[in-house]
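K.L.:
Give me a model of this one.
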Amino acid sequence: MTYRLPTIAVLSLSLFAAACGSASAAVDEAKLVYKQAQDNAAASYKVARARCDAIAGNPKDVCVAEAKAARVRTEEEAGAYYKNTLKAYTKSRVKIAEANYDLDKTKCGALAGNQKDVCISQAKATLIATKADATADKKAMEARADAREDKRTAEYQVAREKCDAFAGATKDSCMSAAKAQYGK
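P.N.:
Purely as a prediction, here's the structure:
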């Protein structure tokens, strides 16, 4: 004797599996896009690096540094997008700035004397400014998030005070609505 599940049970199980699979699929898709960006960055780097082999001297060094900077930019932007956190975006900006600094220093290698010193100083100043901007932006975003939370808390306190004017079930309903509205 074979046992057959009722049609409704089969449909419910399939919908549940599909719902679980779609949540998992979204995470898997984001990971796939991230991995694909890394693979594309590596492939582009190899192609750019191969073009640099035909060049000699400082122009070759600049070519290689440009290829590395492009790879770092692509990988870091993809990683920050995948992680989607303020910390990841800030870290990404800093790493890209460091890669650009290395590129700028390499470009300065073609110069001599005071011009080279000025070039390196300018590259260092650009790096410091970019890192400072990234840190300041992070702190500003964190401060705005803290301010939003403080405002929500204050608004929730006002709503609770308004609910104190009621009694019984009306007060309970008012408090539940305030908690739901302000996420408390």
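K.L.:
can you tell me which helix in this structure is longest?
P.N.:
Secondary structure of the chain per DSSP state H: the longest helix is helix 113-163.
K.L.:
so how far is it off the chain centroid?
P.N.:
15 Å (C-alpha atoms, centre = their mean, to the nearest Å).
K.L.:
Quick one: list the elements packing against that helix.
P.N.:
On a contact count with 3 or more C-beta pairs under 8 Å, 6 or more residues apart in numbering; DSSP states H and E, helix 113-163 meets helix 86-108, helix 168-182. C-beta: built from backbone N, CA, C; applies to glycine.
K.L.:
Among those helices, show me which one is buried the most.
P.N.:
helix 86-108 (a mean of 18; mean count of other C-beta atoms under 10 Å).
K.L.:
And the pLDDT for the residue lying closest to residue 53 once chain neighbours are set aside?
P.N.:
Spatial nearest neighbour of residue 53, chain neighbours left out: residue 60 (7.7 Å); criterion: C-beta to C-beta, 6 or more residues apart in numbering. pLDDT, residue 60: 94.
K.L.:
Not counting its own residues, what contacts stretch 51-59?
P.N.:
With C-beta atoms under 8 Å, 6 or more residues apart in numbering as the test, stretch 51-59 has contacts from 60, 63-64, 67, 106, 109-110.
K.L.:
so where does the most centrally placed residue in the chain fall, helix or strand?
P.N.:
In the chain, the residue lying closest to the centroid (C-alpha atoms, centre = their mean) is residue 80, at 2.9 Å. Taking DSSP states H and E as the criterion, residue 80 maps to helix 58-83.
K.L.:
sec struct for residue 56, please.
P.N.:
Put simply, residue 56 is coil when judged by DSSP: H, G, I helix; E, B strand; the rest coil.
K.L.:
contacting residues around the residue nearest to the centre of the chain?
P.N.:
Contacts of residue 80 by C-beta under 8 Å, 6+ apart are 88-89, 91-92.
K.L.:
Which pLDDT value belongs to it?
P.N.:
The model's pLDDT for residue 80 equals 92.
K.L.:
ok, it to residue 92 distance?
P.N.:
According to C-beta to C-beta, to the nearest Å, residue 80 stands 4 Å off from residue 92.
K.L.:
rewinding a little: report the two of the contacts of residue 80 separated the most.
P.N.:
89 and 91 (7.4 Å; C-beta to C-beta).
K.L.:
for the closest residue to residue 124 other than its chain neighbours, what are its contacts?
P.N.:
Leaving aside its chain neighbours, residue 124 sits nearest to residue 101 (7.2 Å; criterion: C-beta to C-beta, 6+ apart). Going by C-beta under 8 Å, 6+ apart, residue 101 touches 123-124, 126-127.
K.L.:
roughly how far apart are residue 94 and residue 131?
P.N.:
Counting by C-beta to C-beta - residue 94 and residue 131 are separated by 6 Å.
K.L.:
Thank you kindly, that will do.
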